[in-house]
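# The following comprises the amino acid sequence and a computationally predicted model.
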Amino acid sequence: MTFVFEDIDDVEMERRRSVVEPLTDAVRDLVDAVIRTEVAEGEIPDVTAAVRAVTERLRSRQSDGPYGVRYTRAGTGMPWGNPAVGVRNAVAPPMRVQAGDDGLRWADVRLGAAYEGPPGLVHGGICALLLDHLLGEAAGADGTPSFTGTISVRYLRETRLGPVHLEARTDRYDGPKKFVTGTLSDADGPSVVADAVFVIPRWARATPPQEAPQ
Ligand SMILES: CCCCCCCC(=O)SCCNC(=O)CCNC(=O)[C@H](O)C(C)(C)COP(=O)(O)OP(=O)(O)OC[C@H]1O[C@@H](n2cnc3c(N)ncnc32)[C@H](O)[C@@H]1OP(=O)(O)O
């Protein structure tokens, strides 16, 4: 597992983000358009060729493997390939994680056609993905890295496509284990709840925190 440090400051990171984000948004829009298009079937081969040409152009220079989790000199993370929050990943809704008081992490996300499971409803795996990620962010609010050890997701009822709100926080610690809970709500209130044990890996376990994050 490699965490890459890039020799850039946060101003340069923001500049790079502002260049790539419109591309990702355009691809996200393309995904939605492919799902919902009703153009004549005869047009599809031409469109397919155009998309392939764009892909070839991007592939003319690319890295060997995944993007990784990169950091600026100041330690700001750039998980830009991440499927929940990655600013280079059109698969990500994307979720923009916000910090509240006492280690609270929250996000407002709009889930459209690309995230449908049952008709008009959010796919359960997408709810689990977003909750796993947000609970991970809440677990990381104390500054120590940790991985999802076990997560339990309870679907209280269906979640409607459209705007959803997520919240998570760490409730307690037990040695290297962080017990984290969270909710996902649609316009009608909470629809999914999750609780998880995040575990600080051995290599980061010198002084595990014993108090709730501030
Ligand atoms: C900011 C970014 C947010 C990102 C959010 C996304 C989160 C993710 O997707 S993380 C990726 C998915 N998760 C993984 O890949 C984790 C894979 N598993 C591992 O790496 C390891 O098994 C790991 C780190 C969880 C635990 O391994 P290890 O450090 O050897 O555990 P170990 O020392 O044996 O156990 C420590 C304690 O944790 C407990 N524990 C170990 N594994 C688990 C588990 N899977 N679930 C619950 N508890 C566990 C043990 O029982 C033990 O408890 P106690 O101290 O009471 O005896």
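In hand now; what should we look at?
# all strands of this structure, in order?
With strands called from DSSP state E, the chain shows them at 3-5, 69-71, 77-78, 98-99, 105-111, 147-155, 162-174, 177-186, 189-199.
# And the residue in the chain positioned nearest to the ligand, how close does it get to Pro45?
Distance from the ligand to each residue of the chain (C-beta to the nearest ligand atom) is smallest for Gly136, at 2.3 Å. Where C-beta positions appear, they are placed from N, C-alpha and C, glycine not excepted. Here the criterion is C-beta to C-beta, to the nearest Å. By it, Gly136 lies 42 Å from Pro45.
# which of the two has more neighbours?
A count of neighbours by other C-beta atoms under 10 Å puts Gly136 above the other of Gly136 and Pro45, at 23 against 9.
# what's near enough to touch the more buried one?
Residues near Gly136 by C-beta atoms under 8 Å, 6 or more residues apart in numbering: Ser146, Thr148, Phe198.
# ok, for the residue nearest the centre of the chain, nearest residue in space, not its chain neighbours?
When C-alpha atoms, centre = their mean is applied to the chain, the residue found nearest the centroid is Ala84 (1.7 Å). Nearest residue to Ala84 in three dimensions, chain neighbours excluded: His133, at 3.7 Å (C-beta to C-beta, 6 or more residues apart in numbering).
# Which residues are in contact with the residue nearest to the centre of the chain?
By C-beta under 8 Å, 6+ apart, Ala84 lies in contact with Ala92, Pro93, Pro94, Met95, Leu129, Leu130, Asp132, His133, Leu134.
# So which residues on the chain come close to the ligand?
Neighbours of the ligand within the chain, by C-beta under 6 Å from any ligand atom: 132-133, 136-137, 140, 147-150, 175-177, 197, 199, 201-202.
# Leu111 reaches Val164, doesn't it?
Yes - with contact defined as C-beta atoms under 8 Å, Leu111 reaches Val164; the gap is 5.9 Å.
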